[in-house]
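**Q** Here you go, sequence then predicted model.
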Amino acid sequence: MKLAVFSVDGTKQLGAVQEDRVFLLSEYPPCVKSFIESGESIPSLEGRPSHHLADVAVHIPIAAPEKIICVGLNYIDHCRETGMEPPKSPVIFSKYANALTGHNSDVEIPVNSKEVDFEAELAIVIGKEAKRVSEEEAEEYVFGYTIMNDVSARDLQFADGQWSRGKTADTFAPTGPYVVTRDEVGDPHNLSISLTLNGEIMQDSNTSNLIFTVPQIISFLSQSMTLKPGDLIATGTPPGVGMGRSPKVWLKNGDQMEVTIEKIGTLSNRVRGH
């Protein structure tokens, strides 16, 4: 099932998406995290009010996760284009909630950056508390998956010697448009993933090329931190980012980005610059 937070006439609501309609789940708060924390199964959609997707605004599905964890350098070809060696264990960094923004929302270029980049990523949505789980049991802790664009200010990222300031500026984590449950996605390691910039394909790969798999990432993280329902884990980006190109491609005012992941959907964001 695809879950979405949407609004009609400005009122946010939780809904379940089927084909071109979104069905109202009015008994739940307008946040997928709240639904996950309830532990309930998705109820029947029969007889529920619905709207055409074209008539609603879709918002970020999880607005306040406890943690936004990102995995860097998780596709071999991306390591090569950045001039870095493939890691022997997952490279971990974080984003903060101020970076979150939703489908069809603007991504803002910070006033102190001129080198802002794009990164299409599959994101894991944790479904239940996970602490010291094995790789074999890790997928049981996945509620579903969504899309994240790990927008990055490369000049800030590399000037600091660590990545926080360059990775977690306001609006630097567009996420959505839906959270798709684990059963509907199936194998998360066989999904096409792409990003277009102003209609031109920049990234085009498959999650089969991940260095560290979903179970490996969850198990690795859970040895030292407790993962909570609604936590987001971005699994890394494939090759084709702007910094890896010649000449380099940096985002500018008016650019349109679209990240598409098979079985999940398309996340669209326009760039607003200075």
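**A** Looks like it came in fine.
**Q** need the longest helix for the protein.
**A** helix 214-222 (DSSP state H).
**Q** what residues does the helix or strand that comes right after that helix touch?
**A** Using DSSP states H and E, the helix or strand that follows helix 214-222 in sequence is strand 232-234. The contact list for strand 232-234, computed with CB atoms under 8 Å, 6 or more residues apart in numbering, reads 62, 65, 67-71, 95, 121-126, 146, 148, 150, 173, 175, 217-218, 221, 227. For every residue, glycine as well, the C-beta is placed using N, CA and C.
**Q** mind running it again at 7 Å?
**A** With CB atoms under 7 Å, 6 or more residues apart in numbering as the test, strand 232-234 has contacts from 62, 65, 68-71, 121, 123-125, 148, 150, 175, 217.
**Q** next one: stretch 203-223
**A** Taking CB under 7 Å, 6+ apart as the rule, stretch 203-223 contacts 69, 71, 74-76, 86, 89-90, 120, 122, 124, 130-135, 138-139, 141-142, 188-195, 227, 233, 235-236, 238-240.
**Q** How about that stretch, which residues are buried there?
**A** Neighbour-count burial for stretch 203-223 flags 203, 205, 207, 209-222 (criterion: 16 or more other CB atoms under 10 Å).
**Q** backbone phi and psi for the nearest residue in space to Lys67 that is not next to it in sequence, please?
**A** With sequence-adjacent residues excluded and distances taken as CB to CB, 6 or more residues apart in numbering, Lys67 is closest to Asp231, at 4.5 Å. For Asp231, the backbone dihedrals (degrees, to the nearest 10) come out as phi -60, psi 140.
**Q** if I look at Asp231, how far off is Phe143?
**A** 10 Å (CB to CB, to the nearest Å).
**Q** what do the two both touch?
**A** Common neighbours of Asp231 and Phe143, using CB under 7 Å, 6+ apart, are Ile126.
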